[in-house]
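Student: What follows is a protein structure lacking sequence information:
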């Protein structure tokens, strides 16, 4: 069976499963009005077509194709679909054990990069939360409308600068004869210039910085919906400020915290441009390794397998954290 | 009796706007004290100043004799019940009530025992583990009261907590609040724009208008002996008849009004020749179809509104003046013909003449 027909077949199966789940869900709910009665025929048809196109053609089909690809060997175009084009686990096996000619038992380089990426992303997400929570709280509960506007402008305008330009600007600032080392030298604080880029300081700073807004807005939305009287009531009952934040504001903002943190974690772990520009020589972010599978080795099946390993790990991690914190997936959209 | 709360020359300004003008007030320990006034009169600002969320621009607030300057709301011996109650929806009923004890580091066993006792007092023991949104309006009210009482405040501040309830429940909660106050014996400071609430529950009432306290006194004196025309017209229904003072004689003053020459008490000793208003309560008018007595307004019946126990008559007098009269519905004079001439008389000692 050819790759393309499998993609179509698998897509149909996925869509069928979704529809089945939806119908089961509806039986429990038992809503009165039908979809078309509520939205009218014209808008209803448009909604179904648009959402259908978006989910099926732009999400499910490419993903199914990539999953299929990840289980196939790397072959020259002439042999694709030929007798050698059989399903194999060798791309996934490569991630764990490396090439068959390697002397080592495990593919330590890639496995280490993978875990470093996950752990660093977790830490960066937490740091990001620590930076964003006070800003979001100020915007949502403390600031006057005028000050809120100013803060919003100050937050949004820097994001007009694109990712790659920002990454190179950080590079210039932090390089060995760059601005920061220049200032340190002038103040007489540093004996020799410090290698910020080699120590990945630039990488972490840029990854943190580029996901600030992603964190602030869900937090802001969640905190803003809290009745300010509840905060005053807690204060009136004698609570110190940290107690109010920990036990009154954060429990209320939990869905916003969860959606901000999951988005931030996913985007940090999956960032490509920033690690490629700012990663030091000892940096082993996982995404550039995935990128290399595609564009250095031209091994698309292996690249697809690596990308899926990262995606699955992130999804499993996020769902586990949501489960532990007692949140349902639907709640983070509130 | 000792003084629980003392305001000394307190005034509160927001920018160029003066929310509360210079105010002196003493509230006794164990007193049920109400601030009554229309919205925007500064009563909530005054309450927030006592609780510590707003700071006076000038003057001093003392609670239990201690100057409260620089002491935050979390350190004051007051507890505030918010207009919307501001219960914590993510906590159970018991956790809400125990919150103030928890932040004070009270040991769990002691805390649980106290919460159980408080819940029992407000008849909520069966609902201890429920979430807030599973409760009815009256139950939420009682949770808010228990939560505030848990921290054993010297003064309980209430910001129109009954305004969201329906009429029957509101009347029930009035009695209940009064009972709770008498049982715990602490000072209650109550804010309301509802004069019924203020008069039925309070030991003393302060009527506020435009940032000033116009009159302080018990319910009876506020209603029967208003000192300003604002108090006369805001507290209860009143007929206001403007005119010019012709003469004063002892404690009475005689006015020339568009509906005739009328007399009333003159508590502020206004002199002859000035503009003034005569106030007479609708229920103090005596209606008769005979010849008008000395102090009476000739009218015609405009309309009658039957309201169970009372009938409210609208009477048209000269120069477009409308007079309201309330008559007990069982009374014979409660059902006049529309258009029928009636004379609305009153005892001059029941009417009051005030400036403005």
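Tutor: Received the coordinates, thanks. Given the structure is predicted, the values throughout are model-derived calculations rather than measurements.

Student: for residue B:238, phi and psi?
Tutor: Summarising the backbone geometry of residue B:238 under the convention degrees, to the nearest 10, its torsions are phi -150, psi 150.

Student: Now do the SS call for residue B:277.
Tutor: Secondary structure of residue B:277, reduced to three states by DSSP: H, G, I helix; E, B strand; the rest coil: strand.

Student: Which parts of the chain belong to which domain?
Tutor: Since no chain was named, I'll use chain A. A:3-70, A:108-333 (automatic domain parsing).

Student: Can you look at chain B instead?
Tutor: Under automatic domain parsing, the residue ranges defining each domain of chain B are B:3-228, B:237-355.

Student: Take the domains of chain A and lay them out in CSV including mean neighbour count and distance to residue B:163.
Tutor: Every C-beta, even on glycine, is put in place using the N, C-alpha and C of the backbone. As requested, these are exported to CSV (neighbours: other Cβ atoms under 10 Å in any protein chain shown; distance: least, Cβ to Cβ, whole Å):
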stretch, mean neighbour count, distance to residue B:163
domain A:3-70, 12, 36
domain A:108-333, 17, 14
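
Student: Including mean pLDDT and distance to residue B:48, could those domains go into CSV?
Tutor: Shown next, in CSV, are the domains of chain A (pLDDT from 0 to 100; distance: least, Cβ to Cβ, whole Å):
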stretch, mean pLDDT, distance to residue B:48
domain A:3-70, 81, 45
domain A:108-333, 88, 9
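
Student: Which of these sits closest to chain B?
Tutor: Ranking the domains of chain A by proximity to chain B (Cβ to the nearest Cβ) places domain A:108-333 first, at 3.6 Å.

Student: And for the nearest residue to residue B:266 once chain neighbours are set aside, the neighbour number?
Tutor: Counting by Cβ to Cβ, 6 or more residues apart in numbering or on different chains, the nearest residue to residue B:266 once its immediate chain neighbours are dropped is residue B:253, at 3.7 Å. The tally of other residues near residue B:253 (other Cβ atoms under 10 Å in any protein chain shown) stands at 30.

Student: So which elements touch the helix or strand containing residue B:253?
Tutor: Of the helices and strands defined by DSSP states H and E, residue B:253 is found in strand B:252-257. Applying 3 or more Cβ pairs under 8 Å, 6 or more residues apart in numbering or on different chains; DSSP states H and E, one finds that strand B:252-257 contacts strand B:239-249, strand B:260-265, strand B:275-280.

Student: Mind listing the residues bridging to the residue nearest to residue B:266?
Tutor: Following DSSP bridges, residue B:253 is listed with bridge partners residue B:248, residue B:264.

Student: list the contacts for it?
Tutor: Applying Cβ atoms under 8 Å, 6 or more residues apart in numbering or on different chains to residue B:253 gives the contacts B:245, B:247, B:263, B:264, B:265, B:266, B:270, B:272, B:276, B:353.

Student: which two in those are spaced the farthest apart?
Tutor: Across the contacts of residue B:253, no pair lies farther apart than B:265 and B:272, at 15.4 Å, counting by Cβ to Cβ.

Student: Would you list the phi and psi of the residue in the stretch 151-300 of chain B positioned nearest to chain A?
Tutor: Scanning the stretch 151-300 of chain B for the residue nearest chain A gives residue B:151, at 5.8 Å (criterion: Cβ to the nearest Cβ). With angles defined as degrees, to the nearest 10, residue B:151 sits at phi -90, psi 10.

Student: ok, now the one 3 residues further on?
Tutor: As for residue B:154, its main-chain torsions (degrees, to the nearest 10) stand at phi -80, psi -30.

Student: Also residue B:350?
Tutor: As for residue B:350, its main-chain torsions (degrees, to the nearest 10) stand at phi -90, psi -20.

Student: can you pull the contacts of it?
Tutor: B:264, B:280, B:281, B:284.

Student: can I get those in TSV with neighbour count?
Tutor: Listed next are these as TSV, based on neighbours: other Cβ atoms under 10 Å in any protein chain shown:
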residue	neighbour count
B:264	26
B:280	27
B:281	20
B:284	17
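
Student: could these go into a markdown table alongside pLDDT?
Tutor: Output for these, formatted as a markdown table (pLDDT from 0 to 100):
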| residue | pLDDT |
| --- | --- |
| B:264 | 92 |
| B:280 | 94 |
| B:281 | 93 |
| B:284 | 91 |
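
Student: Could you tell me which helix of the chain is the longest one?
Tutor: I went with chain A, as the question did not name one. Secondary structure of chain A read by DSSP state H shows that its longest helix is helix A:108-137.

Student: my question was about chain B
Tutor: The residue-count maximum for a helix in chain B (DSSP H) belongs to helix B:167-184.

Student: thinking again about what came up before, out of the contacts of residue B:350, flag the one nearest to residue B:199.
Tutor: residue B:281 (13.7 Å).

Student: Next, the contact list for the nearest residue to residue A:114 once chain neighbours are set aside, please.
Tutor: Here the nearest residue to residue A:114 in space, its sequence neighbours aside, is residue A:286; by Cβ to Cβ, 6+ apart that works out to 5.1 Å. For residue A:286, the set of contacting residues under the criterion of Cβ under 8 Å, 6+ apart consists of A:110, A:113, A:114, A:116, A:117, A:269, A:306, A:310.

Student: what does chain A have sitting close to chain B?
Tutor: Taking Cβ under 8 Å from any Cβ of the partner chain as the contact definition, chain A meets chain B at A:227, A:229-230, A:232-240, A:243, A:248, A:251-252.

Student: Could you give the residue of the stretch 101-250 of chain B that lies closest to chain A?
Tutor: The nearest approach of the stretch 101-250 of chain B to chain A comes at residue B:103, 4.3 Å away (Cβ to the nearest Cβ).

Student: Just give the nearest non-adjacent residue to residue 163, would you?
Tutor: All of this refers to chain A. In space, not counting the residues next to it along the chain, residue A:163 is nearest to residue A:273; the distance is 5.2 Å by Cβ to Cβ, 6+ apart.

Student: you looked at the wrong chain, it should be chain B
Tutor: Beyond its immediate neighbours in the sequence, the residue positioned closest to residue B:163 (Cβ to Cβ, 6+ apart) is residue B:83, lying 6.5 Å away.

Student: Let me see the contact set for that neighbour.
Tutor: If you count contacts by Cβ under 8 Å, 6+ apart, then residue B:83 has A:229, B:159, B:160, B:161, B:163, B:164 around it.

Student: was I right about the fifth one contacting residue B:194?
Tutor: Yes - proximity of residue B:163 to residue B:194 meets the contact threshold set by Cβ atoms under 8 Å, at 7.4 Å.

Student: just to revisit the earlier point, for residue B:94, which of the helices and strands packed on strand B:252-257 is the nearest?
Tutor: Each of the helices and strands packed on strand B:252-257 was checked against residue B:94 via Cβ to Cβ, and the shortest separation belongs to strand B:275-280, namely 51.2 Å.

Student: State the phi and psi torsions of residue B:155.
Tutor: phi -130, psi 130.

Student: likewise the one 4 residues further on?
Tutor: Here is the backbone geometry of residue B:159 (degrees, to the nearest 10): phi -100, psi 90.

Student: same deal with residue A:159?
Tutor: Its backbone dihedrals place residue A:159 at phi -80, psi 0, with angles given as degrees, to the nearest 10.

Student: How about it, nearest residue that isn't a chain neighbour?
Tutor: residue A:213 (6.1 Å).

Student: neighbouring contacts of the helix or strand hosting that neighbour?
Tutor: Counting by DSSP H and E, the secondary-structure element that holds residue A:213 is helix A:212-224. With contacts defined as Cβ under 8 Å, 6+ apart, helix A:212-224 is touched by A:128-129, A:131-133, A:135-137, A:139-141, A:155-156, A:159, A:249, A:252-257, A:259-261, A:263-264, A:267, A:334.

Student: let's go with 6 Å and repeat that
Tutor: For helix A:212-224, contacts defined as Cβ atoms under 6 Å, 6 or more residues apart in numbering or on different chains pick out A:128, A:132, A:135-137, A:139-140, A:253, A:255-256, A:259-260, A:263-264.

Student: Nice, that's everything, thank you.
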